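# Pasted the sequence and its predicted model underneath.
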Amino acid sequence: MVNVVLKEGVNWVGVVDWNIRDFHGYVTSRGSSYNSYLISDEKIALVDTAKINFCNELIEHISELTSLEKIDYIIVNHVEMDHSSSLPVIAKLAKNAKIIASQRGKDALIEHYGADFNMVETVKTGDELKLGKRTLRFLEAPMLHWPDSMFTYIVEDKILMPNDAFGQHFASSGRFDDEVDTCALMEEASTYYANILMPFAPLIIRKIHEVVQMGIPIDMIAPSHGIIWRKDPSKIINAYADWSSMVAKQKAVVVFDTMWGSTDKMARSIADGITSGGVKVELFKLRATDNTDVVTEILDAKAVVVGSPTLNNQMFPSLGSFLTYITGLKPKGKLWCFFGSFGWGGGAVRDMVEMAKKAGFDVHEPSIEIKYVPDKEDLKKCFNFGQQIAQKIKA
Ligand code: FEO
């Protein structure tokens, strides 16, 4: 029996994706899971499905509890394909089930899977669905993180099913927060927040306030990826409140790439200068570290110090990838500092600064550039540059 009981009549019937390491570019070093939940009352409801690769496993898990023909409702909290690509198959087998989604969810289902999904019934915030002893209450959560996103709340069991929100890419034999290592869990939760939800920070704060104002008690948060929060759901709610408010430590992240070692030497001297100013530093060379991990470290840093050599009058390609990714994630409230090396014409620092300003980042000026190989004097300038950054962080 692989099904897991959240509360009597509420079961996890999802699947664990132990071996996924690339989730549309997000490096998932601990794998993931696609959590589906079966609520068995006078009526039976399935909340979300799973990635199509795991459809048969999902069907097996549901079938341990009920015949699919007995399912009355399939709730689609979110249409992204990791949660919905099994839906066309499941909907055919659960032929008596009504499919429930937000209006934008219905539109997106039709756009993904065709006109067969014209029969989807729509719900909006505050709508309720009686299953018998239990009531499902719906809360639209547009742009957390797609327009269609929706939370489902089981009123009597006090279980919130918020789909992607509060999730983590974390494959585990444990399903609950009290069954896994807390440090690993919070590490994956912060990685997930930084890489998926960071652009929507203002909406997250508003949604948390909305849930608090609704006065709905929460015993458990059951997201659609990773671990279910039952021991202390407030831990992840408080973490989201901090991350969304950009609560930062006295910490700088130095991220760079290098061709012949000049930018590397500069990065180390700048990091030494920051450290000597009493500020913690994390230093990453791109091509040795995934953007996913760098972005996670940036989440609670006050400053980001970015360095590139010039290649063909432009920034190095790995910096282009990093800056494209990070400007899209829209981290707020950080100080951005730039440095680099060049042989003749330069261009890397100019282009990085321009990209950062276009994204609305707070850019520390002047930046620092070195020709060819930094000598002692140049490295002293880099050290001083680091000290200035530390002073700004501590101000
Ligand atoms: Fe886990 Fe937005 O899908």
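That came through, no problem. Numbers count the residues shown, from 1 in each chain.

# contacts, neighbours, all on C-alpha from now
OK.

# Could you tell me which residues within the host helix or strand of Glu187 count as buried?
Glu187 belongs to helix 182-192 when assigned by DSSP states H and E. Applying a neighbour-count criterion of 16 or more other C-alpha atoms under 10 Å, one finds 185-186, 188-192 buried in helix 182-192.

# For the residue in the stretch 151-300 of the chain positioned nearest to the ligand, give me phi and psi.
Minimum separation of the stretch 151-300 of the chain from the ligand (C-alpha to the nearest ligand atom) falls at Asp164, amounting to 5.0 Å. Backbone torsions for Asp164, taken as degrees, to the nearest 10, come to phi -70, psi -30.

# got the contact list for it?
Neighbouring residues of Asp164 by C-alpha atoms under 8 Å, 6 or more residues apart in numbering: 144-145, 223-225.

# which regions of the protein lie under the pLDDT threshold?
By pLDDT under 70, the weakly predicted segments of the chain are 1-3.

# Show me what from it comes close to the ligand.
80, 82, 164 (C-alpha under 6 Å from any ligand atom).

# Identify, from the contacts of Asp164, the entry nearest to Asp177.
Pro223 (11.8 Å; C-alpha to C-alpha).

# Let me see the contact set for that closest one.
By C-alpha under 8 Å, 6+ apart, the residues touching Pro223 are 35, 160-167.

# let's see 10 Å
The contact partners of Pro223, by C-alpha atoms under 10 Å, 6 or more residues apart in numbering, come to 34-37, 151, 160-168, 229.

# And the contacts of the helix holding Glu187?
Residues outside helix 182-192 that contact it (C-alpha under 10 Å, 6+ apart): 26-30, 164-170, 177, 193-194, 196-198, 225-227, 235-236, 239-240, 243, 292-297, 299-300.

# how about the helices in the stretch 51-200 of the chain?
In the stretch 51-200 of the chain, the helices defined using DSSP state H, counting those that start in this stretch lie at 55-63, 81-84, 87-93, 103-113, 182-192.

# Pick the most deeply packed of those.
Comparing the helices of the stretch 51-200 of the chain by mean neighbour count (mean count of other C-alpha atoms under 10 Å), helix 81-84 ranks first with a mean of 20.

# Can you point out the buried residues in the longest helix seen in the chain?
For the chain, the helix with the greatest residue count under DSSP state H is helix 376-394. Buried positions in helix 376-394, judged by neighbour count with 16+ other C-alpha under 10 Å: 378-390, 393.

# can you pull the contacts of the residue in the stretch 251-395 of the chain positioned nearest to the ligand?
Nearest residue of the stretch 251-395 of the chain to the ligand: Leu329, at 14.8 Å (C-alpha to the nearest ligand atom). Leu329 makes contact with 194-201, 295, 323 under the criterion C-alpha under 10 Å, 6+ apart.
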